[in-house]
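**Q** quick one, structure for this:
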Amino acid sequence: MAGRIPKQFIDDLITRVDIVELIDERVPLKKAGKDYKANCPFHEEKTPSFTVSSDKQFYHCFGCGVHGTAIGFLMEYDHMSFPEAVEELARRAGVEIPRETYSATAPEAPVGPDLLELMREAARLYRSQLREHPQAPIAIDYLKGRGITGEIAKEFELGFAPDGWDNLLKALGKDEEGSPARSASSSFHKYSRESLVTAGLAIKKDGGGYYDRFRARVMFPIHDHRGRIVGFGGRVLDKGEPKYLNSPETPLFHKGRELYGLFRAREAIKRENRVLVVEGYMDVVALAQHSIDFAVATLGTATTRDHLERLFRYAPEVIFCFDGDRAGREAAWRALETTLPVLRDGRQASFLFLPDGEDPDTLVRKEGAAAFHARLSVAKPLPDFLFETLVKQVDLTRLDGRARLVELARPHLSKVAPGALQQLMQDRLSELSRFDPGKLSTLVSTSRTFARKSAAGLTGGPKEPPSVMRLAIAMLVQQPALVAAVPPDWQFEEADLPGAGLLQDVLNLLRSAPGMNTARVIEHFHGGAHEAALGKLAVMQHPVLEHDVAAEFPGLLARLRATATRERANRLLQKQHAGGLNPDEMAELSRLLAQRKS
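**A** The predicted structure follows:
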């Protein structure tokens, strides 16, 4: 079985591929000094702020803040997963992807092509059972009762899981002794029962044995963004619970990332320049039958940030559709809180609240497509929903009520990226609270700065201005060859300074792999806790970085080392006064004090 892609291969691949050439094939670039520029493909703008650096092999937009390597660009622009982006770059470079092997004694779960083939077989089985199984008329009558035609059922590949504990197990599972890959009496391949469990299609009993996960349900295959079936949703046919049952988390299916109907709707979403987020599979199917084909559904979970980042790659506006009751508005508020951090200029979010007792499925069948489109046109913009909700919690006739409104709104506004949208939301809050706009802007900025520092992991304190540490790391990331100026015996992992651990990690990487560029450094930390921070440092702008960095870098490091020495010595002195030091610590303290005097 194929294993993970070695990091060393990814590092080498980044070196082989020219990011300028890759991006220019998709977004025409123009030379601008030593770099290249274009209008950003990830947000609307009239003046180019999207920059691609040939030296760093890195892209960055000074308008919306997106940045990354060639792999990151393919993930953002072509909607690829990380492995898919690596595969595409390997294809361009004409190299084979090596895989790390695992121990032969380690148990391996069936993933990749085998698991995907199993999901395709299961979908084919469910579709055939909707046509041929003796219980199928029950499911067909249910679908007809919901107004679903045969054509739309075929388009969405709907199927049927009959009542019974082992229909799928008998059709797709091997017996206990094993069986041929394809049974002579069946057109379906046979898979181990553990494979069916791994795929989320069967459940293993505590006392032994297996049974089908989906029973007596209309089946909705769930496709990923590449159109591959990665999971299923089942709608119960009677009054049983749960009404909707989704596949569990599997090596293929992660409900916090996937959206039902997105693969089918992607072109319609681009055409409409908006996407409608609903709560159920049947809502998506019913809306599509009425030519409202730009809807997707979450999969038994609240909308996640991963969902939103993916949707905003397809369209600049996301419309959430909820019931108008209390539960619906609470769900809408949770969606608002998730959306705020991903909002920036050029992105919009709105909320459509339906009449009590209605959902998109029932309402579109009752009112028709034109009326539903009319409702969409008056969906409530996110800022309006935010302020309407907060205003209901305060008394604006009171001075302290208006002050409370500012305090309630400030954390939410601080989550929005700086720009026109955040400023307009501040202006609206200023109108409602009658608070001075300039002072309000300072409050929001302070709140945002505090939140950003708490998350960055590179904050300073009374010990050391954070800009010094950030500058040192930024210099190394932007010009990795500077590592040659760092004496081999200089170590920072023990330094009691914010960001020292990250500085040491970067130094270790550059010492172990000479010749790295910025892109290779960033990709080495892909998926780790420091990826976002390093991405920002890779494009950090500062007067020191605009001049002779090679001349400035040694002095900057000397300042950091002196500060680290001072803090370590102070810590040992405090320990000496508190209870004494052991001989090793005494020797270290003497050495550090001598360094401070020299």
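**Q** give me the below-cutoff pLDDT ranges for the stretch 101-250 of the chain.
**A** Within the stretch 101-250 of the chain, the stretches with pLDDT under 70 are 101-113, 176-186.
**Q** all strands for it, in order.
**A** 159-161, 202-204, 210-212, 217-223, 229-236, 244-246 (DSSP state E, counting those that start in this stretch).
**Q** pick the most deeply packed of these.
**A** Across the strands of the stretch 101-250 of the chain, averaging neighbours per residue (mean count of other Cβ atoms under 10 Å) puts strand 159-161 on top, at a mean of 27. C-beta: built from backbone N, CA, C; applies to glycine.
**Q** pLDDT below threshold where in the chain?
**A** For the chain, the stretches with pLDDT under 70 are 1-3, 99-113, 176-186, 444-467, 493-496, 544, 546-547, 592, 595-598.
**Q** is it correct that Val52 falls within a strand?
**A** Yes: following the definition DSSP: H, G, I helix; E, B strand; the rest coil, Val52 is counted among the residues of a strand.
**Q** beta partners of it?
**A** For Val52, the beta-bridge partners under DSSP bridges are Tyr36, Tyr59.
**Q** begin at 654, not 1, for the rest of this chat.
**A** Done: numbering now begins at 654, and the last item shifts to Val705.
**Q** what residues of the top helix by length along the chain count as buried?
**A** Among all segments of the chain classified by DSSP state H, the helix with the greatest residue count is helix 1202-1231. Residues of helix 1202-1231 classed as buried: 1202, 1205-1206, 1209-1210, 1212-1214, 1216-1222, 1225 (neighbour count, 16 or more other Cβ atoms under 10 Å).
**Q** stretch 1159-1176 now?
**A** Neighbour-count burial for stretch 1159-1176 flags 1159-1160, 1162-1163, 1166, 1169-1176 (criterion: 16+ other Cβ under 10 Å).
**Q** over to stretch 676-687?
**A** So stretch 676-687, judged by 16+ other Cβ under 10 Å, has buried residues 676, 680, 682.
**Q** equivalent analysis for stretch 1023-1041, please.
**A** By neighbour count with 16+ other Cβ under 10 Å, stretch 1023-1041 contains the buried residues 1025, 1028-1029, 1032-1033, 1035-1036, 1038-1040.
**Q** restricted to helices, list these.
**A** Secondary structure assignment (DSSP H) places 1025, 1028-1029, 1035-1036, 1038-1040 from the buried residues of stretch 1023-1041 within helices.
**Q** got the residue ranges for the helices in the stretch 1004-1153 of the chain?
**A** Counting by DSSP state H, counting those that start in this stretch, the stretch 1004-1153 of the chain has helices at residues 1013-1020, 1022-1030, 1035-1044, 1052-1068, 1073-1086, 1090-1109, 1119-1131, 1153-1165.
**Q** between those, which one is closest to Pro969.
**A** Closest to Pro969 of these, according to Cβ to Cβ: helix 1073-1086, at 11.9 Å.
**Q** now the angle between helix 1052-1068 and that closest one, please.
**A** Using axes from the mean of the first three to the mean of the last three Cα atoms, to 10 degrees, one finds that helix 1073-1086 and helix 1052-1068 are set 170 degrees apart in direction.
**Q** tell me the buried residues in helix 1073-1086?
**A** Within helix 1073-1086, the residues that count as buried by 16+ other Cβ under 10 Å are 1074-1076, 1078-1079, 1081-1083, 1085-1086.
**Q** how about Pro1034: what's its closest non-neighbour residue?
**A** Residue nearest to Pro1034 in three dimensions, not counting chain neighbours: Ser1003, with 5.3 Å by Cβ to Cβ, 6 or more residues apart in numbering.
**Q** pipe the buried residues of stretch 676-687 into a markdown table and attach secondary structure per row.
**A** Putting the buried residues of stretch 676-687 into a markdown table (three-state DSSP) gives the following:
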| residue | secondary structure |
| --- | --- |
| Ile676 | helix |
| Val680 | coil |
| Leu682 | coil |
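**Q** quick one: which of the residues you listed is nearest to Asp1053?
**A** Val680 (51.7 Å).
**Q** quick check: the closest one vs His732, distance?
**A** Between Val680 and His732 the computed distance is 15 Å (Cβ to Cβ, to the nearest Å).
**Q** sorry, back to before: nearest to Phe947 among the buried residues of stretch 676-687?
**A** Distances from Phe947 to the buried residues of stretch 676-687, taken by Cβ to Cβ, are shortest for Val680, at 24.4 Å.
**Q** my guess is the closest one contacts Phe695, does it?
**A** No: no contact is recorded between Val680 and Phe695 when judged using Cβ atoms under 8 Å, the distance being 9.8 Å.
**Q** please, where are all the strands along the stretch 904-1053 of the chain?
**A** With DSSP E, counting those that start in this stretch applied, the stretch 904-1053 of the chain shows strands at 928-931, 948-950, 970-976, 1001-1007, 1033-1034, listed in chain order.
**Q** for Leu912, which of those is the nearest?
**A** strand 948-950 (4.3 Å).
**Q** domain boundaries for this structure, per the record?
**A** Here the domain assignment for the chain is 660-746, 766-899, 915-1031, 1046-1109, 1119-1250, based on automatic domain parsing.
**Q** reformat these as TSV; add distance to Gly909.
**A** Output for the domains of the chain, formatted as TSV (distance: least, Cβ to Cβ, whole Å):
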stretch	distance to Gly909
domain 660-746	14
domain 766-899	12
domain 915-1031	5
domain 1046-1109	20
domain 1119-1250	16
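**Q** for Lys908, which of these is the nearest?
**A** Checking the domains of the chain against Lys908 by Cβ to Cβ gives domain 915-1031 as the closest, at 4.2 Å.
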